[in-house]
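J.: Give me a model of this one.
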Amino acid sequence: MGRAPTVPRSAHHVGAHWRALSEVRGSSERFVPAMTESLPPAARRWINHAVAEGTPMAAAARLEMSGQIRLGSWRPFTAVQLLAPTTGFVWAATARIGPVPVSGYDRFTDGSGEMRWRLAGLVPLMSAEGPDVSDSAGGRLAGESIFVPTSFPLARWRGDEFVASATWTVEGREETVRLDVADDGALRGVRMLRWGNPDNHEFGRYPFIVAVEAERRFGGITIASRIRASWDTGTGADREFFRAEITTADFF
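T.: You can find the predicted model right below:
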């Protein structure tokens, strides 16, 4: 990866999880297009577009990003994330409410999810865990597999010329993610039924939508680099809550 596994201050409480994810490694195998021959056309087109021939088959990524998150109103944030499809993630971030920083993390590791956030690094603002949080975080892990396209052999694929559906097994949970793929192989968006309680609705599976606005190549891997995420609760209201641009990506 080329970086020491320094634990972000906002994720200090889960430093052991961060260090464990930083040790995940892919195989020594390198990508060749023949690896995708058994996949549906749209999946094959996306992966061949996203992964340059000869690229190491990475199993994880370290991502740096910035953007806006809706916490009442839109707030700026910066974040760093470790992500290993089917294994786990830790997303460590700092947002701002006026001049006051809000820092903490979301994670899915060792089969469970957790959120822990503090105001000014001192005052507990929000902490949540349990089965509902774990199910939601497991769905997020499956959806964010798009950021490590070399992990495609870990999923079961179905689809046609236009849509690729990847089913991931995450700690016994099955999560299916639909990828909308352009003619040139670029990823246009992602949809899934993800567990959650958007807008304090009752917990359940709701349509979760990620729009891809731009791509960027990091080494031999091209990923969605500018995204917008939203829930669809069936009310017709705008439920977009996350806008981000990935500025750095290392694969390992």
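J.: so how far is stretch 232-245 off the chain centroid?
T.: 17 Å (Cα atoms, centre = their mean, to the nearest Å).
J.: mind listing what's buried in that stretch?
T.: 233, 239, 241-244 (16 or more other Cβ atoms under 10 Å). Every C-beta, even on glycine, is put in place using the N, C-alpha and C of the backbone.
J.: Could you do stretch 52-60 as well?
T.: 55-60.
J.: Narrow the residues you listed to those in helices?
T.: Among the buried residues of stretch 52-60, DSSP state H puts none in helices.
J.: what's the closest of these to residue 67?
T.: residue 60 (21.7 Å; Cβ to Cβ).
J.: What count of nearby residues applies to the closest residue to the closest one other than its chain neighbours?
T.: Spatial nearest neighbour of residue 60, chain neighbours left out: residue 84 (3.8 Å); criterion: Cβ to Cβ, 6 or more residues apart in numbering. The number of residues packed around residue 84, counting by other Cβ atoms under 10 Å, is 26.
J.: Pull the contacting residues for residue 84.
T.: 21, 24, 59-61, 148 (Cβ atoms under 8 Å, 6 or more residues apart in numbering).
J.: Swap in 10 Å and give it another go.
T.: Counting by Cβ atoms under 10 Å, 6 or more residues apart in numbering, residue 84 makes contact with 20-26, 58-61, 90, 109, 141, 145, 148, 151, 154, 252.
J.: Which of those residues are buried? Put it as a ChimeraX command.
T.: Remark: buried members of the contacts of residue 84, expressed as a ChimeraX selection using 16+ other Cβ under 10 Å:
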select :20,21,22,24,26,58,59,60,61,90,109,141,145,148,151,154,252
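J.: Looking at the contacts of residue 84, which are in strands?
T.: Among the contacts of residue 84, the members found in strands (DSSP state E) are 61, 90, 109.
J.: separation between residue 63 and residue 23?
T.: 17 Å (Cβ to Cβ, to the nearest Å).
J.: got the residue ranges for the strands in the chain?
T.: Using DSSP E, strands in the chain cover 61-71, 73-84, 88-97, 100-109, 112-119, 123-129, 156-159, 163-170, 173-181, 187-196, 204-218, 221-231, 240-251.
J.: Pick out the shakiest of those strands, pLDDT-wise.
T.: Per-segment mean pLDDT for the strands of the chain reaches its minimum on strand 123-129, at a mean of 89.
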